[in-house]
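Peer 1: From the sequence below, what's the structure:
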Amino acid sequence: MRAILLMFDSLNRRYLPCYGNTWVQAPNFQRLAERSVVFDNAYVGSMPCMPARRELHTGRYNFLHRSWGPLEPFDDSLPVLLRQQGVHCHLVSDHQHYWEDGGATYHQRYTTWEAIRGQEGDRWKAHVGEVTALNDQLRPQDRVNRQYMPTEADQPQSRTIAEALAFLERNHEKDNWFLHVETFDPHEPFFTQQHYKALYPDGYGGPDLDWPEYRRVDESEDEIRRYRHNYAALVTMCDTNLGRLLDAMDRYDMWRDTMLIVNTDHGFLLGEHDWWAKCVMPFYSEVAHMPLFIWDPRAAQAGVRRSALVQTIDLAPTLLDYFGVAAPPDMQGRALGATVADDTPVREAGLFGIHGGQVNVTDGRYVYMRGPAAPDNSPLYDYTLMPTHMRGLFTVEELRRATLHEPLPFTKGAPVLRIPAARSDNPDVRPAILDTLLFDLLADPRQEHPLQDAEIEARMCAHLVRLMLANDAPPEQFTRLGLTPDPGAYS
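Peer 2: From the prediction side, this is the model:
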């Protein structure tokens, strides 16, 4: 058995022709859609990057218990479970968060791994005196890094795909391997080559714009259009490299016996709802409703679509099932083999969100975003044995407030640290985070008109509470959201 997982970062499904886009040039995504099953109802779970990857490894939600961080000592890890059964697991990635404090335990779980440097503000090339600020070094470092990428072949995305193709060249006749390929693109900054940018002319004459900040929109329509065009140019570059991988599948006749999954960790807002990016605003469909493609040679279903509600937590059990490995009891996702074959449902509703933000639930038609009950968004704690943030350790001041908490149901008898979580004091962010919103995606697919319907809200609250209980959510999460931890209370 062999399997390939190709993961893009921040890929907005509305920029793909197979999901209805009419102006972005992405013929290889269309080609993929014709060779695989396209999921119309795939949703993220935990946001953003590394929380999503923890779900990819463990098959369970991350965001109710902790923020961004490494794999925990008690976590079940997909590549470890496969390796225990003799499957060689290889990671090729330019996703620089793997090499930071908050992601440092993921890549070591693979049999072998290849790191491609240079994305975003990766601390890669040293120009003394050009990068000086400790708290704002991403953009200066990125300006340095770009000087070492004069051609498309030099960009990290291209180098990542080249390494993946080298793996296939060496191993396409071998058995029992899992190749996990990740490119950080089309994550911001939307840096690509001029021949891709030329595909999207707009007459804009100001400074080029390829790195939006995480905030509300205050740009002109011309500036918004330039950001979107630069994103589209990078999506087209992603499409080109997807085509290189599909060519290899054709060349080595791998469709007959190799699973292919193409996914993303989340989408990205490009001015919709008057927001840029992700994380600090409600998780509208542009962020939470993700593209997903699966080719499973067992079912051999191609050029078809599936409407079942699926999530990131389903990918680990899907891969384990494909290799004939039993999923451990703490894994809450569901294997999608039958869903690929005939659209068998795997859940009635699914959770998604970010630690400390709204807790969201969808049943595929309605999306309910439950905001905190208290203005200070309390109480809120991190439960962890790996106290790191994205790019640094928890501070001594934070750890002084930590207490040792009894084992949680999924920590395999290990107690954990319970640490009061930091809260945002940004007045431009907090009002959006605190809103409770309900949307009918059938009547209002763009989520422009929040719904007021007590009966539907009660039904979605029941889904929300039931799933939080199933995920062993800490009691204070119910308090924070103003919920009763009893689904029957909302019947």
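
Peer 1: how close does the residue positioned nearest the centre of the chain get to residue 44?
Peer 2: Centroid-nearest residue in the chain, with C-alpha atoms, centre = their mean: residue 265, separated by 1.6 Å. To residue 44, residue 265 is 7 Å away according to C-beta to C-beta, to the nearest Å. All C-beta spots, glycine's among them, are computed from the backbone N, C-alpha and C.

Peer 1: Could you double-check that residue 316 lies in contact with residue 59?
Peer 2: Yes: using C-beta atoms under 8 Å, residue 316 makes contact with residue 59 at a distance of 3.8 Å.

Peer 1: Mind checking which of those two has more residues around it?
Peer 2: residue 59 (31 against 27; other C-beta atoms under 10 Å).

Peer 1: In contact with the more buried one, which residues are there?
Peer 2: By C-beta atoms under 8 Å, 6 or more residues apart in numbering, the contact list for residue 59 reads 76, 78, 313, 314, 315, 316, 317, 327, 331, 332, 333.

Peer 1: Can you tell me the closest non-neighbouring residue to the fourth one?
Peer 2: In this structure, residue 314 finds its nearest non-sequential neighbour in residue 333, 4.1 Å apart by C-beta to C-beta, 6 or more residues apart in numbering.

Peer 1: just checking, that neighbour touches residue 61?
Peer 2: No: Residue 333 is beyond contact range of residue 61, at 9.3 Å (criterion: C-beta under 8 Å).

Peer 1: Need the overlap of contacts for these two.
Peer 2: Common neighbours of residue 333 and residue 61, using C-beta under 8 Å, 6+ apart, are 55, 313.

Peer 1: Break down the stretch 201-350 of the chain into its strands, ranges please.
Peer 2: 258-264, 269-270, 276-277, 289-290, 293-295, 304-306, 310-311, 350-353 (DSSP state E, counting those that start in this stretch).

Peer 1: Show me what the fourth one is in contact with.
Peer 2: By C-beta under 8 Å, 6+ apart, the list of residues contacting strand 289-290 from outside reads 11, 13, 41, 42, 43, 44, 263, 264, 265, 266, 267, 312.

Peer 1: For the stretch 201-350 of the chain, which residues score under the pLDDT cut-off?
Peer 2: In the prediction, the stretch 201-350 of the chain carries no residues with pLDDT under 70.

Peer 1: follow-up on the earlier one: closest to residue 239 among the contacts of strand 289-290?
Peer 2: residue 11 (10.5 Å; C-beta to C-beta).

Peer 1: on that earlier part again, out of the strands of the stretch 201-350 of the chain, nearest to residue 343?
Peer 2: Going by C-beta to C-beta, the one of the strands of the stretch 201-350 of the chain nearest residue 343 is strand 304-306, 4.8 Å.

Peer 1: returning to what we had before: what's the most buried one of the strands of the stretch 201-350 of the chain?
Peer 2: strand 310-311 (a mean of 28; mean count of other C-beta atoms under 10 Å).

Peer 1: and residue 100, which of the strands of the stretch 201-350 of the chain is closest to it?
Peer 2: strand 276-277 (18.8 Å).

Peer 1: Quick one: distance of stretch 162-180 to the chain centre.
Peer 2: Put simply, stretch 162-180 sits 24 Å off its chain's centre (C-alpha atoms, centre = their mean, to the nearest Å).

Peer 1: End to end on it, go ahead and measure it.
Peer 2: Start and end residues of stretch 162-180 are separated by 13 Å (C-alpha to C-alpha, to the nearest Å).

Peer 1: So for it, mean pLDDT?
Peer 2: Stretch 162-180 comes out with an average pLDDT of 98.

Peer 1: Start the count at 564 instead of 1 going forward.
Peer 2: That works, and once the first residue is 564, the last one we named lands at stretch 725-743.

Peer 1: buried stuff in that stretch?
Peer 2: Residues of stretch 725-743 classed as buried: 726, 727, 728, 730, 731, 735, 740, 741, 742, 743 (neighbour count, 16 or more other C-beta atoms under 10 Å).

Peer 1: Residue 1039 - how many residues pack around it?
Peer 2: Neighbours of residue 1039 under the rule other C-beta under 10 Å: 13.

Peer 1: Cool, thanks, signing off.
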